[in-house]
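Q: sequence? don't have it. structure:
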């Protein structure tokens, strides 16, 4: 008897399965009992599985195939009888032999109950180890014999089934080979193949008829071939309906173009080929139908493209004729433009030469001068020949806040307007000017037109005028200081003369009045010094909101003394570089001015917020506003509307704002006045650098 490779492998698996370990389940809730059973049944061939409850035993049975189960009767939860009953109710485990082992339930009723639930034996403790060992060995031998028999039966059955399946596969392959080949060939064909008899009745069609015509094969069997065909074009391009009588005698063995008709009555172009054959004295015809819709569409598009090309050639010809006429006119216009250009160039040359400014044209490709006007030569001392020398370099610098910055070649690439510069003339003298440039093209080269206005003399004149203005201002301020200090000095001088003639005439009130007048004079001098000196601010990174919160109690106390109220509305603001003392003085001066401008129960609002690139501080009072005439003089030293004012408070505020690169804006109406201080955020961040 021959066996396949798979059968031999299965036989090897059978031998291996017989020598596998034998699983024995021992169920007892006491660990010492399980250890005692393990000592009795210790055998390399046995695989002992311990369970301490009926529930654990049921779980192990789902996993392992046991040869025998040693089951204790008395256990918490499921007892031995209940566990045995559940084991026997399961199809997979009902064949496993169960041996009850107990030391308590020894009466006949319990023994009978054990046999009723499916036990093979009922052993009472203390048991004979050899007897138990012998009984287990017998059950193991029965399990091995049963397992071996099952494997042999499975192996024989599998071998026979394999042989039968192989014979069936060979037979099925022989039976279906021709049918499969024919089916594949029919499905692979894209053309529709129709077989019909000598009367035009369709005998068979291939599956392609579904895709091409929309018919199912059964719908066409027995129908006329004329169902699928529609018409044919004659030589005069007139469509003629196709009939079977016309088709068969005239077109057998020929490829013709015709039109077919789908099930949904849509007509489409096809190629027809009809062949005939004799089968047992019957004449049959085979018609091949090929859909040529795509080919016809390609031909139509190609013809359309040819027509479009011919039309484009005609249009191009007309366009060339038009362009020729246009070119002739352009030549005439170009000649006129050339004359105008020459006239314009002459005018430009006159303007260039007669301009009072220094004008020059400089190349951007190689930094050389192309042309300069007379004023350039006159002001700088350089002639055109000297400017064209290879070693010449024009010394020019940007004037940024009185500091010289280099002028790089890249800076000439962009137009400039009134850029303050410092340039050197031939004799080494440096002059100041306003530089304006424009990018122009001369003979296909990028150039820069330079217009330089010499402002050296004008700046000197402005400097002298500023000096005179400063002297005038000093005189005015000196007169103001003299006027303001003379009043308290006159009072002190008068009382001192009274005391000199008769010291007893000076009372304590007189002394206090003299001290107040001296304090007033000292205050005027101190504020004037704050206004006049150009000190360097001690700027550090501070939060404006924090400075306001620190000085708020002082402002609020002053407001409460006069029956007024202060409201803070502080927004989220970034830290800036500020002089804390100066900002406190500015805030205190503006806040106290606002409080003095209001009547009792007035409200002073202090706000901070960010607006664009600025951090804004607002002090808003609820007074009667400021007159227009007074508004024009705000910030003027020694100008005040207060009886005891010095006129320097707002002037100091404006000076502090100036040192912080900030500006003060005033808005007033009958409902009150708003002072807004705008700090530049970016400037504030760079203030320490």
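A: Thanks, I have the structure now. Note that the structure is a prediction, hence the values are computed from the model and not measured.
Q: Pull the contacting residues for the spatially most central residue of the chain.
A: Closest to where the C-alpha atoms of the chain average out (Cα atoms, centre = their mean) is residue 612, at 25.9 Å. Residues near residue 612 by Cβ atoms under 8 Å, 6 or more residues apart in numbering: none. The way it works is simple: take the backbone N, C-alpha and C, and place the C-beta from them, glycine included.
Q: 4 is where my numbering starts, stick with that
A: In the new numbering, first residue 4, that becomes residue 615.
Q: Any idea which helix or strand in this structure has the lowest mean pLDDT?
A: Lowest by mean pLDDT, DSSP states H and E among the helices and strands of the chain is helix 8-21, with a mean of 46.
Q: So which bits of stretch 556-564 are buried?
A: Buried residues in stretch 556-564, counting neighbours by 16 or more other Cβ atoms under 10 Å, are found at 558, 559, 561, 562.
Q: ugh, wrong one, I meant stretch 442-456
A: Across stretch 442-456, burial judged by 16+ other Cβ under 10 Å covers 450, 451, 452, 453, 454, 455.
Q: now stretch 386-397
A: Quick answer for stretch 386-397 (16+ other Cβ under 10 Å): residue 390.
Q: Determine which two of the buried residues of stretch 556-564 are furthest apart.
A: The span of the buried residues of stretch 556-564, defined through Cβ to Cβ, is set by 559 and 561 at 7.3 Å.
Q: low-scoring pLDDT stretches of the stretch 504-653 of the chain, where are they?
A: For the stretch 504-653 of the chain, residues meeting the criterion pLDDT under 70 lie at 508-509, 513, 526-540, 633-652.
Q: how about a cut-off of 90?
A: 504-545, 550, 553-567, 576, 579-604, 614-616, 625-653 (pLDDT under 90).
Q: Okay, helices next: where are they in it?
A: Along the stretch 504-653 of the chain, counting by DSSP state H, counting those that start in this stretch, helices occupy 511-535, 547-564, 583-599, 631-635, 652-662.
Q: quick one: the second one to chain centroid distance?
A: With Cα atoms, centre = their mean, to the nearest Å as the basis, helix 547-564 stands 46 Å off its chain's centre.
Q: next one: the last one
A: Here the centre of helix 652-662 is set off from its chain's centre by 48 Å, with Cα atoms, centre = their mean.
Q: Residue 217 and residue 230: what is the separation?
A: Distance from residue 217 to residue 230, counting by Cβ to Cβ, to the nearest Å: 12 Å.
Q: which of the two has more neighbours?
A: Using other Cβ atoms under 10 Å as the criterion, residue 217 and residue 230 rank with residue 230 on top: 17 against 12.
Q: quick one: that one from residue 523, how far?
A: From residue 230 across to residue 523, the span is 126 Å (Cβ to Cβ).
Q: do the same with residue 565
A: Distance, residue 565 to residue 523, by Cβ to Cβ: 21 Å.
Q: ok, the two, which is more surrounded?
A: Per other Cβ under 10 Å, whichever of residue 565 and residue 523 has more neighbours is residue 523, with 17 against 13.
Q: How about the more buried one, nearest residue that isn't a chain neighbour?
A: Nearest residue to residue 523 in three dimensions, chain neighbours excluded: residue 491, at 5.0 Å (Cβ to Cβ, 6 or more residues apart in numbering).
Q: now do residue 595
A: Take residue 595 and drop its neighbours on the chain: the residue closest to it by Cβ to Cβ, 6+ apart is residue 561, 6.6 Å away.
Q: For the longest helix seen in the chain, name the packing helices and strands.
A: Longest helix of the chain, by residue count under DSSP state H: helix 296-357. Judged by 3 or more Cβ pairs under 8 Å, 6 or more residues apart in numbering; DSSP states H and E, the packing partners of helix 296-357 are strand 270-282.
Q: Show me which positions of the strand it packs on end up buried.
A: Buried positions in strand 270-282, judged by neighbour count with 16+ other Cβ under 10 Å: 272, 273, 275, 276, 277.
Q: Residue 25 is in contact with residue 146, correct?
A: Yes. Counting by Cβ atoms under 8 Å, residue 146 does reach residue 25; the two are 6.7 Å apart.
Q: Are there residues contacting both of the two? Which ones?
A: Jointly contacting residue 146 and residue 25 under the rule Cβ under 8 Å, 6+ apart are residue 70.
Q: ok, and for stretch 70-81, which residues are buried?
A: Within stretch 70-81, the residues scored as buried using 16+ other Cβ under 10 Å are 70, 71, 72, 73, 74, 75, 76, 78, 81.
Q: Contact partners for residue 668?
A: Neighbour list for residue 668: 678, 679, 680, 681 [criterion: Cβ under 8 Å, 6+ apart].
Q: And the residues you listed, which of them are buried?
A: For those, a neighbour count by 16+ other Cβ under 10 Å gives the buried set as 678, 679, 680, 681.
Q: is it possible to export these to JSON lines including distance to residue 205?
A: Output for the buried ones among the contacts of residue 668, formatted as JSON lines (distance: Cβ to Cβ, whole Å):
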{"residue": "678", "distance to residue 205": "105"}
{"residue": "679", "distance to residue 205": "99"}
{"residue": "680", "distance to residue 205": "102"}
{"residue": "681", "distance to residue 205": "97"}
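Q: So which of these belong to strands?
A: Among these, the ones falling in strands (DSSP state E) are 678, 679, 680, 681.
Q: mind listing the helices for the stretch 104-253 of the chain?
A: Counting by DSSP H, counting those that start in this stretch, the segments of the stretch 104-253 of the chain that form helices are 111-119, 132-191, 211-216, 220-223, 247-254.
Q: And those helices: which comes nearest residue 656?
A: Nearest of those (Cβ to Cβ): helix 211-216, 93.8 Å.
Q: what residues does that closest one touch?
A: Applying Cβ under 8 Å, 6+ apart, the set of residues contacting helix 211-216 from outside is 189, 192-197, 218-220, 223, 231, 263, 265-266, 292, 294.
Q: Would you mind giving me the PyMOL syntax to select the buried ones in the residues you listed?
A: Burial among these is assessed by 16+ other Cβ under 10 Å; the matching PyMOL selection reads:
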select buried, resi 194+195+196+197+218+223+231+263+292+294
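Q: Just the ones of the contacts of helix 211-216 in strands?
A: Members of the contacts of helix 211-216 lying in strands (criterion: DSSP E): 195, 196, 197, 263, 292, 294.
Q: Looking at the ones in strands among the buried ones among the contacts of residue 668, which is nearest residue 577?
A: Comparing these against residue 577 with Cβ to Cβ places residue 681 closest, at 14.3 Å.
Q: give the contact list for the closest one.
A: Counting by Cβ under 8 Å, 6+ apart, residue 681 touches 617, 618, 619, 665, 666, 667, 668.
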